[in-house]
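Asks: Any chance you can model this:
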Amino acid sequence: MLAKDKNVLNNYNEAIQHEWLETNGLGGWAGSSIIGCNTRRYNGLLVAATVPPAERMNLVSKLDETIIINNERFELSTNNYGDVVSPKGYQYLSSFTKKLFPEWIYEVNGIQLRKTIAMVHGENTTLIVYKVEKGAQPFILTLLPLISARGYHSLQHAYNNIFWDVKFENGIFKNQPYYGAPNIYISIPDAAYKHDPRWFYKVNYSIEKYRGLDFEEDLFNHGIFTVELKEGDSLGIIVSTENPENKNAHDLLEKESLRREALLNGHGNNETVQQLILAADQFIVKRGEDFKTVIAGYHWFTDWGRDTMISLPGLCLSTGRYEDAKKIIAAFAKSVSMGMLPNRFQDNGEEPEYNNVDGTLWYFIAVHKYLKATNDTDFVINEILPVLKDIIDWHFKGTRYNIHANEDGLLYAGEIGQQLTWMDARIGTWVVTPRMGKPVEIQALWYNVLKIFSELLDLNNQQDDAELVNISAEKAKKSFAEKFWYGEGDYLYDVIDENGNPDTEIRPNQLFAISLPFALIEGEQAKAILKIMEEQLYTPVGLKSLPKSDVHYVPVYEGDAYHRDSSYHEGTVWSWLLGPYVDAIMKSKSKNKKTKAKKIIEDFQYHLNEGCIGSVSEIFDADAPHHPRGCVAQAWGVGEILRVIKEYDLK
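Replies: You can find the predicted model right below:
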């Protein structure tokens, strides 16, 4: 069970390390630490995607609660003001649980109050439901909304103008914080409202400070709501950009409960699988009216081509969401330019970026797995195959960033100052891991692209063309075998650089020569690679990006942006790499391979109850205890772990 007891909740320094997250299928969210103390600029009760899935705005930071019994006040909220944490409402928390939704129980002077927070799918709407489970006497609950009203990357300050005027009728608060901003609605049935505008100064965000960023914010409050409650009462609150008139929070919560329960139908009772399916749902969002896409990670990523294609099989195919997979594949087909998928879509209507080599190649893998799962031949052959042909043509004749098929049949990629693989950290003009030339996983992907394209041509009765493409694939395989094996180390080079020099650093990228649908390496060489992965890179939460023996190894991912980016792929553990690692193990000839794969999943499960409860962190410190870092919820981490559990029945 995903839960935290009062021993954790009443310990401030421990409790703020854990978070909860709710999302809405549009790219928006609600989330904070499990004690309600915001630790990031990205925490908020209502972060709305105003042009889904982008242009997010942190509108309502939080809703602070106070219980009043016989004129005695018990403040349930927790805020960090730098020199002081005040109030200290975490001392009243007795439990936190995450099932369908995050839930809290407060115990105050004979009152037991249960709180549930949920977002409504398809709306920029957050629900907060309070249930008085015990109450020796009636009491007053006061609610104080703190308004942030800003872009989600920004911070609010008191010198900015937030409109003070409020309309409050029939229990519904309405305010437009400034011209052009969405309206903020707060519906609290049977509540009284007292208008008392004021700023709350210098709220501190500890994780922003740890990350070397601006960490102080001023938040605005228009006034206070009060409502009388007694044992058995249930109060449903709606916080939204849409007018909640004639809507009921309890009805909306019930509808959302049924939607989430339906996601779990047919997937058994394994709690790890169930939580990963619910986590997977958080990343699949609308793009435009007819298409879907994948948010790469919460809180700061939008949709990235590479992340989408890697995570699609786990997020969509392993969960039976075939129509969503189809809409994602179709959406990206329409965005192909010069034979390349976008690396990422940007906010504010800016043009997509195309600075990647692997996202386009992963697209073929996603299409291949979609076809295997659905047998949707008409869609793949009639709508997608022409796009794939265009991609292949561009890669043979050459496209952006000097990406082209070389005379030896391998794929070359790279220009000075560009980071084109998934190891893409860049600081100014310094590319931390440039990997220019012929990276090992790019060759594995390229070989798979050619084999998949050949299969599709054959399926379309283009046997002669299929055979020509297959000849290209075999040429690439032969060149790979000749150039990439490092006999002295008994593993694969990570890259053959632009001058033909091999890089002997031990990195996890060589796994893809084994793990992808069409393997480049088998037998004793594959066995040797797996041995090195296990001994030097494997951790319970993912694979290290460099072994501890490497001179560039960084044990802890910390500090300002420079230090973090420079260590991003220099030892840092990546959760998503457990997927290809399990694939490689299951493709091996080891007699106990399934037992070993099951143990990998069992050893990973503890992580679902740390960091962002119920989800999978992007990265972890290279050294034990492998503290979670980066995005608190990452699509390809969730997708890859869910995929291998389902694919190999590792429950």
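Asks: Tell me how many other residues surround the closest residue to residue 622 other than its chain neighbours.
Replies: Closest residue to residue 622 apart from its sequence neighbours, by CB to CB, 6 or more residues apart in numbering: residue 571 at 3.6 Å. Backbone N, C-alpha and C define where each C-beta goes, glycine included. When neighbours are counted by other CB atoms under 10 Å, residue 571 registers 22.
Asks: remind me, longest strand of the chain?
Replies: Looking across the chain with DSSP state E, the single longest strand is strand 54-69.
Asks: quick revisit: correct me, but the residue nearest to residue 622 touches residue 550?
Replies: Yes: Residue 571 is within contact range of residue 550, at 7.3 Å (criterion: CB atoms under 8 Å).
Asks: one step back: pLDDT averaged over the longest strand of the chain - what is it?
Replies: Here strand 54-69 scores 97 as its mean pLDDT.
Asks: For that strand, C-alpha coordinates in CSV please.
Replies: Taking Å, rounded to 0.1, in the frame of the first residue of the first chain, the C-alpha atoms of strand 54-69 are listed here in CSV:
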residue,chain,number,x,y,z
ALA,A,54,1.2,23.9,-23.2
GLU,A,55,1.1,27.5,-21.9
ARG,A,56,0.6,26.4,-18.3
MET,A,57,-0.2,28.8,-15.6
ASN,A,58,0.2,28.3,-11.9
LEU,A,59,-3.1,30.1,-10.8
VAL,A,60,-3.8,28.9,-7.3
SER,A,61,-0.8,28.0,-5.2
LYS,A,62,-2.7,26.5,-2.3
LEU,A,63,-5.8,26.6,0.0
ASP,A,64,-4.8,27.0,3.7
GLU,A,65,-7.2,25.5,6.2
THR,A,66,-7.9,26.3,9.9
ILE,A,67,-10.2,24.5,12.2
ILE,A,68,-11.8,26.7,14.9
ILE,A,69,-13.3,25.0,18.0
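Asks: related to what we said a few turns ago, contacting residues around the residue nearest to residue 622?
Replies: 544-548, 550, 552-555, 622 (CB atoms under 8 Å, 6 or more residues apart in numbering).
Asks: which phi and psi does it have?
Replies: Phi and psi for residue 571, reported as degrees, to the nearest 10, are phi 120, psi -30.
Asks: Let me know the distance separating it from residue 504.
Replies: From residue 571 over to residue 504 the distance is 17 Å, taken as CB to CB, to the nearest Å.
Asks: What of residue 451?
Replies: 28 Å.
Asks: Follow the chain on from the longest strand of the chain and name the next helix or strand.
Replies: strand 72-75 (DSSP states H and E).
Asks: For the residue nearest to residue 618 when sequence neighbours are not counted, grab the count of nearby residues.
Replies: Among residues not flanking residue 618 along the chain, residue 630 sits closest, at 3.5 Å (CB to CB, 6+ apart). Counted by other CB under 10 Å, the residues lying close to residue 630 total 19.
Asks: can you pull the pLDDT of residue 630?
Replies: So, for residue 630, pLDDT stands at 95.
Asks: pLDDT weak spots in the stretch 151-300 of the chain?
Replies: For the stretch 151-300 of the chain, no stretch has pLDDT under 70.
Asks: Helices of that one, start to end?
Replies: Ranges of helices within the stretch 151-300 of the chain are 206-210, 249-264, 271-281, based on DSSP state H, counting those that start in this stretch.
Asks: Can I get the longest one in CSV? Just the C-alpha atoms.
Replies: Presented in CSV, the C-alpha positions along helix 249-264 are these (Å, rounded to 0.1, in the frame of the first residue of the first chain):
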residue,chain,number,x,y,z
ALA,A,249,-17.7,18.3,-6.4
HIS,A,250,-19.0,15.0,-5.1
ASP,A,251,-20.6,14.1,-8.4
LEU,A,252,-17.4,15.1,-10.3
LEU,A,253,-15.3,13.0,-7.9
GLU,A,254,-17.5,10.0,-8.4
LYS,A,255,-17.3,10.3,-12.2
GLU,A,256,-13.5,10.6,-12.0
SER,A,257,-13.4,7.6,-9.7
LEU,A,258,-15.3,5.5,-12.2
ARG,A,259,-13.0,6.6,-15.1
ARG,A,260,-9.9,5.6,-13.2
GLU,A,261,-11.4,2.3,-12.1
ALA,A,262,-12.2,1.5,-15.7
LEU,A,263,-8.5,2.0,-16.6
LEU,A,264,-7.7,-0.8,-14.2
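Asks: Roughly how far does residue 557 sit from residue 251?
Replies: 44 Å.
Asks: contacting residues for residue 554?
Replies: Counted by CB under 8 Å, 6+ apart, residue 554 has contacts 566-567, 570-572, 622.
Asks: And residue 451 and residue 504? Which one has more around it.
Replies: Taking other CB under 10 Å, residue 451 and residue 504 do not tie; residue 451 has more neighbours (22 against 12).
Asks: Distance check, the more buried one against residue 304.
Replies: 25 Å.
Asks: ditto for residue 207
Replies: 22 Å.
Asks: Residue 104 should be in a helix, yeah?
Replies: No: applying DSSP: H, G, I helix; E, B strand; the rest coil, one finds residue 104 to be strand, outside a helix.
Asks: low pLDDT regions in this protein?
Replies: Residues of the chain that meet the criterion pLDDT under 70 lie in 347-349.
Asks: thinking again about what came up before, overlap in contacts of residue 571 and residue 550?
Replies: Joint contacts of residue 571 and residue 550 (CB under 8 Å, 6+ apart) do not exist.
Asks: which stretches of the stretch 201-350 of the chain form strands?
Replies: 216-229, 234-240, 284-287, 291-294, 297-298 (DSSP state E, counting those that start in this stretch).
Asks: Would you mind listing the outside residues contacting the shortest one?
Replies: Judged by CB under 8 Å, 6+ apart, the contacts made with strand 297-298 from elsewhere in the structure are 21, 23, 29, 31, 42, 282, 307, 612, 618, 630-635.
Asks: Please repeat the previous calculation with a cut-off of 6 Å.
Replies: 21, 618, 631, 633-634 (CB atoms under 6 Å, 6 or more residues apart in numbering).
Asks: now swap in stretch 333-344 and tell me
Replies: 304-305, 332, 352-356, 359-360, 363, 384, 387, 390-391, 394-395, 399-400.
Asks: Surely residue 293 and residue 303 touch.
Replies: Yes: using CB atoms under 6 Å, residue 293 is in contact with residue 303, at 4.2 Å.
Asks: tell me the helices in the stretch 551-651 of the chain, going along the chain?
Replies: 561-566, 578-587, 593-604, 635-647.
Asks: which ones are touching the nearest residue in space to residue 283 that is not next to it in sequence?
Replies: When the adjacent residues along the chain are set aside, residue 283 lies closest to residue 635, with 4.2 Å between them (CB to CB, 6+ apart). Applying CB under 6 Å, 6+ apart, we find residue 635 in contact with 283, 294, 296, 307, 311.
Asks: Any idea how many residues pack against the last one?
Replies: What it means is residue 311. 32.
Asks: which non-adjacent residue is nearest it?
Replies: residue 639 is the one closest to residue 311 (CB to CB, 6+ apart), at 3.3 Å.
Asks: What distance do you get for that neighbour to residue 75?
Replies: Taken as CB to CB, the span from residue 639 to residue 75 is 40 Å.
Asks: Surely residue 93 is in contact with residue 7?
Replies: No: contact status for residue 93 versus residue 7: not in contact, 10.8 Å apart, counting by CB under 6 Å.
Asks: Surely residue 366 is in a strand?
Replies: No: secondary structure of residue 366 (three-state DSSP): helix, not part of a strand.
Asks: Any idea how many residues pack against it?
Replies: 21.
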